[in-house]
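*Asks:* Provide a 3D model corresponding to the input given below.
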Amino acid sequence: MTGAGLPSSPWMDEELDMLADMSKRFFDEECAPHYERFEEQGTFDRAVWEKAGAAGLLGAEVPEAYGGPGGSFAHDAVITYQANLAGIDGWGGPLHNAIVIPYIIRYASEDQKMRWLPKLVSGAYISAIAMTEPGAGSDLQGVKTSATRDGNHYMINGQKTFITNGQLANFIVVVAKTDPAQGAKGISLFAIETDQVEGFRRGRNLDKIGMKSNDTSELFFDDVRVPADALIGPEEGQGFYQLMEQLPQERLLIAIYAMGRIERALDVTLDYVKERKAFGQRIIDFQNSQFELAECKTEATIAKVFVDHCIASHLTGDLDTATASMAKYWLTDLQCKIIDRCLQLHGGYGFMNEYPIARMYRDSRVERIYGGSNEIMKVLISRTL
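*Replies:* Here you go, the predicted model:
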């Protein structure tokens, strides 16, 4: 059982328990003491990424042949969960680990893997994936960024926005159209090593409601000339298939974010209501408080069991798109509901930024939008009816 009394995860083993302990220590020691500064400056320090690489918290799924530990998604799930449980929500490591790196592991050539993966594992490369554009969000077929073949190179032109890790990333997977006439079949993925090209520009670090320490940026590609082997996959036109194959893991990852934050919200709220007094008694002693928390714990328990089921299914290759979509939309909706109720139990203090529940309240809202909006998740689920 966890601190909030939620069920333990049946897919965990001794090795993963050790990883959870090590991850917790890293986030408590290397991130938590500096988190307010990261929030103020709008990004983590690059040194944190390098320390995470040295600690083995980057590229958990990378095979040993390419400098990684040879783990599975279970390892990335543990690292992600511990980050959110510790309140280190703004670190872009989970995206780097479980969203970007899998594209390289699964689709890159042997030469590309040898060149890129060791740097992604060490933190020398901080990654991002550039899908969203000013006029294309959940509709990936609507991207306008183009990649035009020019001899042994491609010329990439376009604009991306809302890109996580956008200010720090020096390795960016870019979604681009290689044949606009082919629709989805004309989409390809390219890996751009930003320190080695001209014409790449970073826009502003976007001013968001929450997730302040997570650098989220506009990116511009003006005649960016990349070698032909920047293409991910054996041929053009494979990008949409690659994206669709990997999106269930991304959506499960977002559900894990939400579950970690739900547990943390319950933990900090239980601590608060057991200490705070009103009308001569602790807040926890009021029946209304007990009923509210009983409902939250019940819903959190159901969510934890479902997320664990999804992780176990994914580890055996059985997680389908619809179930991943259910996890993403339901968990992110639920976390906003539970965090709102927990904030209410804090009274006026819950609205103060110095209390963790206030930051959770504003940080959680975006997860109902990114990774495909929750409305899109329902469309995907409805196709199975």
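
*Asks:* which residues in the stretch 251-385 of the chain form helices?
*Replies:* In the stretch 251-385 of the chain, the segments counted as helices under DSSP state H, counting those that start in this stretch are 287-315, 321-345, 356-364, 374-382.

*Asks:* select, out of the ones you listed, the one closest to S217.
*Replies:* helix 356-364 (17.8 Å; CB to CB). To be clear about C-beta, it is placed using only N, CA and C from the backbone, and glycine gets the same treatment.

*Asks:* pull the residues that contact that closest one.
*Replies:* 87, 89-90, 209-211, 258, 261, 264-265, 268-269, 272, 332, 335-336, 339-340, 342-343, 346, 350-353 (CB atoms under 8 Å, 6 or more residues apart in numbering).

*Asks:* give the buried subset of those residues as a PyMOL selection command.
*Replies:* Of the contacts of helix 356-364, the buried ones go into a single PyMOL selection, burial set by 16 or more other CB atoms under 10 Å:
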select buried, resi 87+89+90+210+211+258+261+264+265+268+269+272+332+335+336+339+342+343+346+350
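
*Asks:* from the middle of its chain, how far away would stretch 137-145 be?
*Replies:* Relative to the chain's own centre, stretch 137-145 is displaced by 20 Å; criterion: CA atoms, centre = their mean, to the nearest Å.

*Asks:* using CSV, write down the CA coordinates of it.
*Replies:* Written as CSV, here are the backbone C-alpha positions of stretch 137-145 (Å, rounded to 0.1, in the frame of the first residue of the first chain):
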residue,chain,number,x,y,z
GLY,A,137,-2.9,20.1,-33.0
SER,A,138,-4.7,16.8,-32.5
ASP,A,139,-5.2,16.6,-36.3
LEU,A,140,-1.7,15.4,-37.3
GLN,A,141,-2.6,15.1,-40.9
GLY,A,142,-2.9,18.8,-41.0
VAL,A,143,0.7,19.6,-40.4
LYS,A,144,2.2,22.1,-42.9
THR,A,145,5.9,21.7,-42.1
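
*Asks:* only the buried residues of it, if you could.
*Replies:* Buried-residue list, stretch 137-145, by 16+ other CB under 10 Å: G137, S138, L140, V143, T145.

*Asks:* grab the nearest non-local neighbour of the last one.
*Replies:* Meaning T145. G158 (2.6 Å; CB to CB, 6 or more residues apart in numbering).

*Asks:* try the first one
*Replies:* Here the nearest residue to G137 in space, its sequence neighbours aside, is S373; by CB to CB, 6+ apart that works out to 7.5 Å.

*Asks:* number of nearby residues for the one you found?
*Replies:* By the measure other CB atoms under 10 Å, the count of residues near S373 is 15.

*Asks:* ditto for R37
*Replies:* Under the criterion other CB under 10 Å, the count of neighbours that R37 has is 11.

*Asks:* now do it against A324, distance only.
*Replies:* 35 Å (CB to CB, to the nearest Å).

*Asks:* then F38?
*Replies:* Applying CB to CB to F38 and A324 gives a distance of 30 Å.

*Asks:* these two: who's more crowded?
*Replies:* A324 (27 against 20).

*Asks:* nearest residue to the middle of this structure?
*Replies:* Central residue of the chain (CA atoms, centre = their mean): L95, 4.2 Å from the mean position.
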